[in-house]
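# Generate coordinates for the sequence data below:
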Amino acid sequence: MSAPASPPVFQPPFLTNGMIELNWTATPAQQYQLLWKSNLTDSTWQNLGSPISATGNTATAFDFLTNAQRFYRLMVH
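Coordinates of the predicted model:
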């Protein structure tokens, strides 16, 4: 039986070419679904793209820069 994947940890986000770059620690070959919402009182999270398969110890996703705040979370598949 293999060891469970370590929980992902977000790194500080930054802007790249007018987009928000989100990086997190990852387990190689593990799939992650990035989700977002603009208000923490909302009950529903929205998928940000398709699941991402980690190829190394970090994974990256990009989001469009908006005027609204966004909160992010990761689900491990």
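
# residue contacts, L15?
With contact taken as Cβ atoms under 8 Å, 6 or more residues apart in numbering, L15 is in contact with 21, 65. In this view, the C-beta of every residue, glycine as well, is placed from N, C-alpha and C.

# From F62, how far off is it?
10 Å (Cβ to Cβ, to the nearest Å).

# got it, and F14?
Where F62 is concerned, F14 sits at a distance of 11 Å (Cβ to Cβ).

# returning to that earlier point: what's the overlap in contacts for L15 and F62?
Joint contacts of L15 and F62 (Cβ under 8 Å, 6+ apart) are E21.

# If we ignore the residues flanking it in sequence, what's nearest the residue nearest the centre of the chain?
Computing the C-alpha centroid of the chain and ranking residues by Cα atoms, centre = their mean puts L34 first, at 3.8 Å. Closest residue in space to L34, ignoring its immediate chain neighbours: L48 at 4.4 Å, by Cβ to Cβ, 6 or more residues apart in numbering.

# What pLDDT does the model give the one you found?
What the model reports for L48 is a pLDDT of 97.

# pretty sure it contacts Y72?
Yes: using Cβ atoms under 8 Å, L48 is in contact with Y72, at 7.5 Å.
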